[in-house]
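Asker: build me a model from this:
(chains A and B)
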Amino acid sequence: MKYTELLKLNTELKDKVQNNPVYDITVLSNSIVNQIRPYLEFILRKEGINVNVHLGNYDNIVQDAALVQNQHLVIIFWDLCNLIDGFQYKSDLFSEESLTEIIEKTKEEIDLVFELLEKVPKVIMNRFSSIPFNNSLAKSNAFDLAKEQLNSYLNKKRDNVYYVDIDKVFSIVSISKALDFRNYYSSKALYTIEFYEAYTRFIAPVIYSVNGKGKKALILDCDNTLWDGIIGEDGMLNIKMSSKDSKGAPYEEVQSIVKVLAENGIIICLNSKNNIDDVNEVLEKHSDMILKDEHIVLKMVNWKDKVSNLKEIAAKLNIGLDSFVFVDDSDFEIELVKKYLPQVQVVKVPENRYMYPEVFRNATNSFFSTSSTREDSRRIESYKLNLKRSEARTKHSSIENYLASLELNMKIHCDDQKCAERMAQLSQKTNQFNLTTKRYTVSEIVNFITSKKWKTYVFEISDKFGDFGITGMALVEINDDVASIDTFLMSCRVIGRNLEFAFIENIISDLQKTGIKNVIANYYYTLKNAQVMTFYDEVGFICLSSISGQKKYAIKLDSFSFKNYSYIKINHERKN
Amino acid sequence: MKEKIKKIMSLVFEIPSESIEDNATIDVIENWDSLNHMNLIVALEEDFNVRFTDEDILHLLSLPKIEERIQMLTK
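Answerer: Numbering: from 1, shown residues only, chains lettered A, B, ... in the order given. Next up, the predicted model:
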């Protein structure tokens, strides 16, 4: 399907599902994956689910995890190559020590994220993969080893988390079709729409299962479906279902899959035109049968048509026909069911019997995770325990502990000419975290820096893993004892660390020292900067007026209360 | 061709096709941000059967520029 066709279908489906309860999904990522949205919308809306897909901030998995606890589903793209910028090539240059440090940090982040997402009903996270950047396939490098260490860490059991083996998706699409490097170096976007289509199809059974759209019952014919041959004609001695015989081998495999499904809570029923005594005899006495009477919930073995039998099963078990998978070797029966009960998923036993196990395995993927019914009671217990644990801990403090562990270091430059070029660039390029969106050239900036009537501030940020450079600035105009904030902006790359608050508090304290009594600030709405609409309110400014997207703020400095972000270490660099 | 591009833009940005001016740019369409821009690019590539370079992607920020570039690529 073409991308634009998908978008068109999505708009039509959106109207159809709009009255259904809303299902919220958030995708968290450390790379840009926004193209997944229409594919997720499509697979859910076509099942009648009124889905709302939200995308987290780029590279803010930990911080965003604290904000998405009300979601029904969270999907996490935690790409190995972006653990730190350029990890795919830097990993081989690192000392073993720094490599271990990065891996340990990531493990801590994983724990924190899963703790924060404990109450989210379902979390889908991709296993780490090194395939996108691996040329020397024969030889393992540091990147591979990092992948293995992190993946083995993921093996820790977490009840609400499903891990996607993303390498399987790569193998379905092929690496070259799954990746597009055109947007990688500029925007950290790595995957193609072909990838997203295959990926969402891959995880669809998981999502359906938590939406009650999963399959619950497997309804099987008998002759040539559970065994080779016809019991009524060939008799007990001649039907085959054992790997001792090449004809029987596929049936042994299929029966084994069915047995595992039965043991995991899938409802197994028979729907066969036969004498019930014959079938019972096979179930009780045939030594090659893997499937036994105890695995079967309901036997509709009679001479009625199979459609009526299916309806009767649904009525007796009180479950919907749309949760049925029906398997039969006869074209006639399959077509009949398709025609009269289109909501039933049908599986035709292939003529080439060697293909049967594979076809069967693919079809029974739709039983995903309802297959843990036996564990449900235990799961509910563990939910209760988790609830108690997280009540005892405030989320706020764990995020702050996390931020503290980053060892954030902010260097504030005041009136520093060296920064002029970068400041002009920031003023011209920053759209989202920008309160007034005024654009300035280098020479204008230089004028502000040298003028006595203006104070300019920029901050450089680094943490224990690297350096982000100059990523925020403010321009302040001074009139006697009144300072007015003309520009306040920050690069999106460093959102989610409370840097903006630490920065403005430092500016305020600096202004206070120079005798300023009042500070005025403005917010000008643009199409891109809605996310900072309430920034000054959060800092503690008083909103004086709000007219058509323009908000005016003021604050008296003697009444300002500092919150002090102690986990951000601050250095001042002053050049006058 | 302009109309076809507008139709694609209207699908990607979820706005009516008629609301898109002939000289529309990234600055005047609310939903046209850097993320949606990537979606616009893949939609255009598929529907016009062209492939843009990374430089194209950075610069095709207005309807006239997009039209001009596709015309060149499909000549």
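Asker: is A:K411 in a helix, a strand, or coil?
Answerer: strand (DSSP: H, G, I helix; E, B strand; the rest coil).
Asker: with A:T487 instead?
Answerer: Remark: A:T487 carries the secondary structure label strand [criterion: three-state DSSP].
Asker: how about the residues of the stretch 151-300 of chain A near chain B?
Answerer: A:R182, A:N183, A:Y185, A:S186, A:S187, A:A189, A:T192, A:I193 (C-beta under 8 Å from any C-beta of the partner chain). Using the backbone N, CA and C atoms, a C-beta is placed for each residue, glycine as well.
Asker: show me which of these are buried.
Answerer: A:R182, A:N183, A:S187, A:A189, A:T192, A:I193 (16 or more other C-beta atoms under 10 Å in any protein chain shown).
Asker: buried set for the worst-scoring helix or strand of chain B on mean pLDDT?
Answerer: When the helices and strands of chain B are compared on mean pLDDT, DSSP states H and E, helix B:54-59 comes out lowest with a mean of 90. Across helix B:54-59, burial judged by 16+ other C-beta under 10 Å covers B:D56, B:I57.
Asker: go on, stretch A:228-235?
Answerer: Neighbour-count burial for stretch A:228-235, with 16+ other C-beta under 10 Å as criterion, is recorded at A:D228, A:G229, A:I231.
Asker: looking at those, which are in helices?
Answerer: Mapping the buried residues of stretch A:228-235 onto helices (DSSP state H) picks out A:I231.
Asker: of all the buried residues of stretch A:228-235, which comes closest to chain B?
Answerer: Using C-beta to the nearest C-beta, A:D228 is the member of those that lies nearest chain B, at 46.8 Å.
Asker: for chain B, longest helix please?
Answerer: Across chain B, the longest stretch assigned as helix under DSSP H is helix B:34-48.
Asker: and what of chain A?
Answerer: Ordering each helix of chain A by length in residues (DSSP H) puts helix A:96-116 first.
Asker: buried residues in that one?
Answerer: Neighbour counts over helix A:96-116 (16+ other C-beta under 10 Å) mark A:L99, A:I102, A:I103, A:K105, A:T106, A:E109, A:I110, A:L112, A:V113, A:F114, A:E115, A:L116 as buried.
Asker: in the longest helix of chain B, what's buried?
Answerer: Buried, per 16+ other C-beta under 10 Å, within helix B:34-48: B:34-45, B:47-48.
Asker: so how far is chain A from B:V28?
Answerer: B:V28 sits at a distance of 8 Å from chain A (criterion: C-beta to the nearest C-beta, to the nearest Å).
Asker: who in chain B is up against chain A?
Answerer: Taking C-beta under 8 Å from any C-beta as the criterion, chain B approaches chain A at residues B:8, B:11-12, B:14, B:27, B:29-30, B:33-36, B:38-39, B:42-43, B:46-47, B:52-54, B:57-58.
Asker: can you pull the contacts of A:S443?
Answerer: With C-beta atoms under 8 Å, 6 or more residues apart in numbering or on different chains as the criterion, no residue contacts A:S443.
Asker: pretty sure B:L60 contacts B:V50?
Answerer: No. The criterion here is C-beta atoms under 8 Å, and B:L60 misses it with B:V50 at 11.1 Å.
Asker: tell me which of the two has more neighbours.
Answerer: Neighbour comparison, B:L60 and B:V50: the larger count goes to B:L60, with 21 against 14 (by other C-beta atoms under 10 Å in any protein chain shown).
Asker: list the residues that contact the more buried one.
Answerer: B:I41, B:F52, B:I66, B:R69 are the contacts of B:L60 under C-beta under 8 Å, 6+ apart.
Asker: quick check, pLDDT for it.
Answerer: The per-residue pLDDT reported for B:L60 equals 93.
Asker: distance check, it against A:E252.
Answerer: B:L60 sits 59 Å away from A:E252, going by C-beta to C-beta, to the nearest Å.
Asker: quick one: the buried residues of helix B:34-48 as CSV, columns for pLDDT too.
Answerer: CSV is the format used below for the buried residues of helix B:34-48 (pLDDT from 0 to 100):
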residue, pLDDT
B:S34, 83
B:L35, 84
B:N36, 89
B:H37, 92
B:M38, 90
B:N39, 91
B:L40, 94
B:I41, 94
B:V42, 92
B:A43, 94
B:L44, 95
B:E45, 94
B:D47, 94
B:F48, 95
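Asker: find the residue ranges of the stretch 51-200 of chain A scoring beneath the pLDDT cut-off.
Answerer: Residues of the stretch 51-200 of chain A meeting the criterion pLDDT under 70: A:135-138.
Asker: make sure A:F195 is indeed in a strand.
Answerer: No. Assessed by three-state DSSP, A:F195 does not belong to a strand; its assignment is helix.
Asker: quick one: strands adjacent to the longest strand seen in chain A?
Answerer: Under DSSP state E, the strand in chain A containing the largest number of residues is strand A:466-479. Sheet neighbours of strand A:466-479, with direction, are listed as strand A:454-463 (antiparallel), strand A:482-490 (antiparallel) (DSSP bridges).
Asker: sorry, back to before: list of residues touching the least confident helix or strand of chain B?
Answerer: Applying C-beta under 8 Å, 6+ apart, the external contacts of helix B:54-59 come out as A:R182, A:N183, A:Y185, A:S186, B:H37, B:M38, B:I41, B:K65, B:R69.
Asker: which phi and psi does the fourth one have?
Answerer: It stands for A:S186. Phi and psi for A:S186, reported as degrees, to the nearest 10, are phi -90, psi -40.
Asker: now the residue nearest to A:I495 when sequence neighbours are not counted: how far from chain B?
Answerer: For A:I495, ignoring the flanking residues on the chain, the nearest one in space by C-beta to C-beta, 6 or more residues apart in numbering or on different chains is A:N57 at 5.5 Å. The spacing between A:N57 and chain B, counted by C-beta to the nearest C-beta, is 11 Å.
Asker: and A:S561, by the same measure?
Answerer: 36 Å.
Asker: what's the answer for A:D24, then?
Answerer: Separation of A:D24 from chain B (C-beta to the nearest C-beta) stands at 19 Å.
Asker: residue contacts, that residue?
Answerer: Counted by C-beta under 8 Å, 6+ apart, A:D24 has contacts A:V51, A:N52, A:H54, A:N70, A:Q71, A:H72, A:L73.
Asker: if we can go back for a sec, which of the contacts of B:L60 has the most neighbours?
Answerer: Counting by other C-beta under 10 Å, B:I66 has the largest number of neighbours within the contacts of B:L60, with 24 neighbours.
Asker: is that residue part of a helix or strand, or is it coil?
Answerer: Using three-state DSSP, the structure places B:I66 in helix.
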